[in-house]
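Enquirer: return a 3D structure for these sequence lines:
(one chain, ligands or ions: 2)
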Amino acid sequence: MQTLYTNIKELLQVRETLIEKVSGIDMAILPKIDNAFLLINNGIIEEYGSMESCPKLNCETIDLTGKVVLPTWVDSHTHIVYAGNRVQEFVDRINGLSYEEIANRGGGILNSAKKLNETAEDEIYEQSKQRLEEVIKQGTGAVEIKSGYGLTVEGELKMLRVIKRLKENYNIPIKATFLGAHAFPTEFKENHADYIEVIINEMLPQIAKENLADYIDAFLETGYFSVEETIKIMEAGKKYGLTPKIHVNQFTAIEGIKACVQNGAISVDHLEIVTDEDIEVLKNSDTMPVALPSCSYFISIPYTPARKMISAGLPLALATDYNPGTTPSGNMNFVVATACIKMKMTPEEAINAATVNGAYAMGVSNEVGSITRGKKANFIITKPIVSYYQLPYEFGSNLIDKVVINGSEFK
Ligand code: NIG
Ligand code: FE
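Expert: Numbering: from 1, shown residues only. Ligands and ions are numbered 1, 2, ... in the order given. The predicted model follows:
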């Protein structure tokens with residue numbers, strides 16, 4: 001079954017090879033073809049090129065005059081499986097409490113953990129699938145999802161089983177990350193070692209047995225998991241084949257990035273605070289730095305210093321961090337716009353960061369992230385626009401006409 005899309009105004013992120021990641025210097029370039037065609041066969045990108053070389057085929061043909069086509073967004077960092085919401089904490093913060101003060105009163109992650117443990121798996125699945133469908137309609141065609149609101153053996157397994165069901169029922173690349181080390185449950189507040197034992201000796205073996213996770217994560221941060229504790233968790237995860245993918249440098253820089261790189265992390269995420277030493281460590285590593293600008297926006301913390309990192313030659317990925325506490329939004333269009341507006345990334349850099357580099361950060365470069373022969377036909381068709389610059393420029397508008405997943409419109 002072939003479909004030929006013709007007269008595309010701009011076909012973006014066109015790459016010849018299954019390129020893995022785009023470095024700081026190369027992020028300035030967004031390969032594109034003006035007045036292009038795109039040929040899809042059985043849900044896979046078969047061919048593309050300029051209209052002058054468009055093949056004459058007897059197949060379904062769709063005219064996209066005036067429209068821009070780009071690969072779907074790759075959201076390499078989310079927590080979309082959760083129960084209920086934390087809307088009261090949002091109002092508390094407006095009234096003056098900080099994220100930290102709310103957490104210290106038993107709110108924050110522990111509040112979500114309480115709700116999650118009280119909610120049935122089917123109900124969590126229903127709530128989560130609505131969020132997943134919402135973000136696909138907003139142009140996301142691959143997503144990483146974390147556990148971390150269970151913080152009990154049963155709760156963590158429940159979350160990961162929900163992610164497994166989402167993988168089974170939605171035909172986009174989904175990766176599962178085990179984040180048992182998201183916060184210390186109240187009963188372990190004074191006894192971190194015992195909770196880490198539960199993670200390593202009770203949660204991990206069962207997760208591995210049921211094959212429920214691809215990556216292992218920890219919230220490496222002052223007041224949460226120390227560098228030493230995180231190293232223990234990364235090492236334990238690796239024994240079960242889980243690659244580290246770590247929350248680090250959100251509020252403080254405590255040499256956590258170094259530990260992550262040394263342990264072969266596929267990505268280090270948040271990075272609102274980045275030191276010169278952190279940048280040196282990331283250079284020549286295989287670890288992708290991931291920025292989460294919607295989180296900075298929502299809880300009013302610094303933005304990841306993208307310019308400083310890109311000038312140093314580092315690649316950068318962008319993701320949403322969709323979660324009930326710090327980022328109740330999974331809209332990658334807003335992430336791209338905010339990266340341009342607040343982090344001074346160019347539209348080319350932001351689109352590279354939200355597609356090809358996002359794919360690297362969640363290990364799906366061979367399937368998505370660019371318009372490349374052999375990759376999945378997951379792409380966004382915009383409404384008629386003058387240039388892709390309008391995507392970040394018109395930051396509150398919905399410029400997406402259709403989202404195509406495996407060659408079919410997602411409705
Ligand atoms: O990535 N920073 C750690 N974890 C989440 C937020 C957790 C929450 O408040 O529920 C994050 O921002
Ligand atoms: Fe997160």
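Enquirer: extract the C-alpha trace of stretch 91-109 and format it as CSV.
Expert: In CSV, the C-alpha atoms belonging to stretch 91-109 read as follows (Å, rounded to 0.1, in the frame of the first residue of the first chain):
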residue,chain,number,x,y,z
VAL,A,91,-2.4,27.1,43.7
ASP,A,92,-0.3,26.8,46.8
ARG,A,93,2.7,27.8,44.7
ILE,A,94,0.9,30.8,43.3
ASN,A,95,0.2,31.8,46.9
GLY,A,96,3.9,31.7,47.8
LEU,A,97,5.0,28.2,48.7
SER,A,98,8.0,26.8,46.9
TYR,A,99,8.3,23.4,45.2
GLU,A,100,10.7,22.4,48.0
GLU,A,101,8.4,23.6,50.8
ILE,A,102,5.5,21.7,49.4
ALA,A,103,7.6,18.5,49.1
ASN,A,104,8.8,18.9,52.7
ARG,A,105,5.2,19.0,53.9
GLY,A,106,4.6,15.5,52.3
GLY,A,107,3.3,17.0,49.0
GLY,A,108,5.1,16.7,45.7
ILE,A,109,6.2,13.2,44.6
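Enquirer: buried set for it?
Expert: Using 16 or more other C-beta atoms under 10 Å as the test for burial, stretch 91-109 gives 92-93, 97, 99, 102-103, 107-109. In short, each C-beta sits where N, CA and C put it, glycine included.
Enquirer: cool, stretch 3-12 as well?
Expert: For stretch 3-12, the buried set under the neighbour-count rule, 16+ other C-beta under 10 Å, comprises 3-12.
Enquirer: kindly report the residues of the stretch 301-411 of the chain close to ligand 1.
Expert: Neighbours of ligand 1 within the stretch 301-411 of the chain, by C-beta under 6 Å from any ligand atom: 321, 323-326.
Enquirer: which one of the residues you listed is nearest to residue 38?
Expert: residue 321 (31.0 Å; C-beta to C-beta).
Enquirer: residues contacting the closest one?
Expert: By C-beta atoms under 8 Å, 6 or more residues apart in numbering, the residues touching residue 321 are 77-79, 269-270, 292, 294-295, 327.
Enquirer: and with 6 Å instead?
Expert: Contacts of residue 321 were listed using C-beta atoms under 6 Å, 6 or more residues apart in numbering, and they are 77, 292, 295, 327.
Enquirer: would you mind measuring from the residue nearest to the second one when sequence neighbours are not counted to residue 265?
Expert: It refers to residue 292. Counting by C-beta to C-beta, 6 or more residues apart in numbering, residue 321 is the residue found nearest to residue 292 once chain neighbours are left out, at 4.0 Å. Per C-beta to C-beta, to the nearest Å, residue 321 is found 17 Å from residue 265.
Enquirer: isn't residue 305 up against residue 274?
Expert: Yes. Contact criterion C-beta atoms under 6 Å: residue 305 and residue 274 qualify, at 5.5 Å.
Enquirer: neighbour-wise, which of the two wins?
Expert: residue 274 (24 against 18; other C-beta atoms under 10 Å).
Enquirer: hang on, that one in a strand?
Expert: No. Using DSSP: H, G, I helix; E, B strand; the rest coil, the assignment for residue 274 is coil, not a strand.
Enquirer: kindly state the pLDDT recorded for it?
Expert: As predicted, residue 274 sits at a pLDDT of 98.
Enquirer: what's it sitting at in phi/psi?
Expert: Dihedral angles of residue 274 (phi, psi; degrees, to the nearest 10) stand at phi -130, psi 130.
Enquirer: that one contacts residue 303, doesn't it?
Expert: No. Using C-beta under 6 Å, residue 274 is not in contact with residue 303; the gap is 10.7 Å.
Enquirer: the residue of the chain found nearest ligand 1: what's its closest spatial neighbour, skipping adjacent residues?
Expert: Closest approach between the chain and ligand 1, counting by C-beta to the nearest ligand atom: residue 325, at 2.3 Å. Spatial nearest neighbour of residue 325, chain neighbours left out: residue 86 (5.3 Å); criterion: C-beta to C-beta, 6+ apart.
Enquirer: repeat for residue 203
Expert: Leaving out its chain neighbours, the residue that sits closest to residue 203 by C-beta to C-beta, 6+ apart is residue 180, at 4.9 Å.
Enquirer: please, which helix or strand holds that neighbour?
Expert: strand 174-181 (DSSP states H and E).
Enquirer: what sits up against the helix or strand just after that strand?
Expert: On the C-terminal side of strand 174-181, the closest following helix or strand by DSSP H and E is helix 192-197. For helix 192-197, the surrounding residues in contact (C-beta under 6 Å, 6+ apart) are 184, 188, 229.
Enquirer: now with 7 Å, please.
Expert: 184-185, 188, 229, 232-233 (C-beta atoms under 7 Å, 6 or more residues apart in numbering).
Enquirer: ok, and the most crowded of the residues you listed?
Expert: Counting by other C-beta under 10 Å, top hit in these: residue 233 with 26 neighbours.
Enquirer: who's in contact with the helix or strand harbouring that one?
Expert: Here residue 233 sits within helix 227-239, counting by DSSP H and E. Residues from elsewhere that reach helix 227-239 (C-beta under 7 Å, 6+ apart): 181, 192, 196, 199-200, 204, 216, 218, 220, 244, 246, 254-256, 259, 263.
Enquirer: so the closest residue to residue 128 other than its chain neighbours, which of the three states?
Expert: Spatially, and ignoring its direct neighbours in sequence, residue 128 is nearest to residue 81 (4.5 Å; C-beta to C-beta, 6+ apart). Taken by three-state DSSP, the conformation at residue 81 corresponds to coil.
Enquirer: I'd say residue 81 and residue 163 touch.
Expert: Yes. Assessed by C-beta atoms under 7 Å, residue 81 is found in contact with residue 163 at 5.9 Å.
Enquirer: now for those two: what residues contact both?
Expert: Here residue 81 and residue 163 share the contacting residues residue 145, scored by C-beta under 7 Å, 6+ apart.
Enquirer: which residues of the protein lie near ligand 1?
Expert: So the chain meets ligand 1 at 108-109, 112, 219, 247, 250, 295, 321, 323-326 (C-beta under 6 Å from any ligand atom).
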